[in-house]
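Peer 1: Build me a structure from this.
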Amino acid sequence: MKLGLQLGYWGAGPNPAHRELVAAAEASGFDSVFTAEAWGSDAYTPLAWWGSATERVRLGTSVLQLSARTPTACAMAAMTLDHLSGGRHIVGLGVSGPQVVEGWYGQKFPKPLARTREYIDIMRQVWAREAPVTSAGPHYPLPYEGPGSTGLGKPLKAITHPLRSDIPVMLGAEGPKNIALAAEIADGWLPLFYTPRLADTYNEWLDEGFAKPGARRSREDFEICATAQIVITDDRDASYAAIKPFLALYMGGMGSEDTNFHAEVYRRMGYSEVVDDVTKLFRSGRKDEAASIIPDEVVDDSAIVGDLDHVREQIGVWERAGVSTMLVSPGSVAEVEQLAALVS
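Peer 2: Numbering: from 1, shown residues only. Below is the predicted model of the structure:
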């Protein structure tokens, strides 16, 4: 089992602890550092900033939102960071949801799987640098020749020669078809809410992708980098109470009331009634009550909370379920070192 430090995205401002957490992760043998984005801080700027203070850890995004950048712009950013980091970059991509894509980026949301496939194909053309980049579309046609076009667009080849012609790409996928797509065309899967209890189900979806003609990877060399809330504590009740508001936000407040991909993950876990009740309370402004009604077992399904022996045992459960890296968010240097000792 490997560990990755998940810095996430900022709230109202940057977290002053991130500098020392990144340094501790590098010193303690963590495999990677990841950043995220929603509709505030972007993922690339902090990753480059903190990555410049490291020499060994891989630098990943979990995740970049497809609609935030054109595929060529994303490929340029990835190629640049890969050079600056000496070949340590991982591109983690996700489609987000219609609320963000159409409300924040002003882009169309439909056909997310087809858009993802086309997006990654264009990025890999950029990095391969074998010919000028072209795409027949329909989502990212290059050169653009549609309404409003001057007709002067020209296929181009990247000026910069990539350090690596094949930068790893992972998908932040939640639905069965998207998880299968990750296995078919990507180098890894970045689940946000993962439960080892459903490992057999996940494997069925992944195997569907691995079985596709021309699949990029096999199970043996495919990474599963799962976000894992790990809390080492003797006071489980207090930790449950601290985690539940986060779950209530994602379960009841992300996306629209009838289109929330995070909520669907928990429905697949068997918690449809909980999701319905949390959503009703959260969207009526009763956020504290929404968090309070989440059963402890829901927390336990996708997080690890307990003493050292329990945490060590559960890390083994996640590893046997197929997880290769756990993306964790310790709050102190001591917690970084404690987690590193558990998997050493």
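
Peer 1: So which residues of the stretch 1-150 of the chain form strands?
Peer 2: Secondary structure of the stretch 1-150 of the chain (DSSP state E, counting those that start in this stretch): strands at 2-8, 32-35, 58-61, 64-65, 89-94.

Peer 1: What strands flank the fourth one, and is each parallel or antiparallel?
Peer 2: Strand 64-65 has these partner strands in its sheet, going by DSSP bridges: strand 89-94 (parallel).

Peer 1: Could you do the third one as well?
Peer 2: The sheet places strand 58-61 alongside strand 32-35 (parallel), strand 89-94 (parallel), with pairing taken from DSSP bridges.

Peer 1: quick one on the thing from earlier: export the strands of the stretch 1-150 of the chain to a markdown table and tack on mean pLDDT and distance to residue 210?
Peer 2: Heads up, the C-betas are built off the backbone N, CA and C, glycines and all. Formatted as a markdown table, the strands of the stretch 1-150 of the chain follow (pLDDT from 0 to 100; distance: least, Cβ to Cβ, whole Å):
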| stretch | mean pLDDT | distance to residue 210 |
| --- | --- | --- |
| strand 2-8 | 98 | 21 |
| strand 32-35 | 98 | 23 |
| strand 58-61 | 98 | 22 |
| strand 64-65 | 98 | 24 |
| strand 89-94 | 98 | 19 |
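
Peer 1: Show me the strands in the stretch 201-344 of the chain, by range?
Peer 2: Using DSSP E, counting those that start in this stretch, strands in the stretch 201-344 of the chain cover 223-227, 229-232, 303-306, 325-328.

Peer 1: where does the residue nearest the centre of the chain land on pLDDT?
Peer 2: Residue closest to the mean C-alpha point of the chain, counted by Cα atoms, centre = their mean, is residue 62 at 3.2 Å. Per-residue confidence (pLDDT) for residue 62: 96.

Peer 1: which residues touch it?
Peer 2: Residues near residue 62 by Cβ atoms under 8 Å, 6 or more residues apart in numbering: 6, 34-36, 92, 170, 172, 190, 225, 227, 327.

Peer 1: Which of those ranks first by neighbour count?
Peer 2: Counting neighbours by other Cβ atoms under 10 Å, residue 190 comes out on top of the contacts of residue 62 with 31 neighbours.

Peer 1: Ramachandran angles for it?
Peer 2: Main-chain dihedrals, residue 190, degrees, to the nearest 10: phi -120, psi 80.

Peer 1: thought it was touching residue 171?
Peer 2: Yes - counting by Cβ atoms under 8 Å, residue 190 touches residue 171, with 6.6 Å between them.

Peer 1: Can I get the strands of the stretch 201-344 of the chain in TSV including distance to residue 209?
Peer 2: Compiled in TSV, the strands of the stretch 201-344 of the chain are given as follows (distance: least, Cβ to Cβ, whole Å):
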stretch	distance to residue 209
strand 223-227	13
strand 229-232	27
strand 303-306	27
strand 325-328	19
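
Peer 1: With distance to residue 264 and mean pLDDT as added columns, please give those strands in CSV.
Peer 2: Shown next, in CSV, are these (distance: least, Cβ to Cβ, whole Å; pLDDT from 0 to 100):
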stretch, distance to residue 264, mean pLDDT
strand 223-227, 17, 98
strand 229-232, 19, 95
strand 303-306, 19, 96
strand 325-328, 21, 98
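
Peer 1: Okay, helices next: where are they in the stretch 1-150 of the chain?
Peer 2: Using DSSP state H, counting those that start in this stretch, the helices of the stretch 1-150 of the chain run over 18-28, 44-51, 71-84, 98-103, 112-128.
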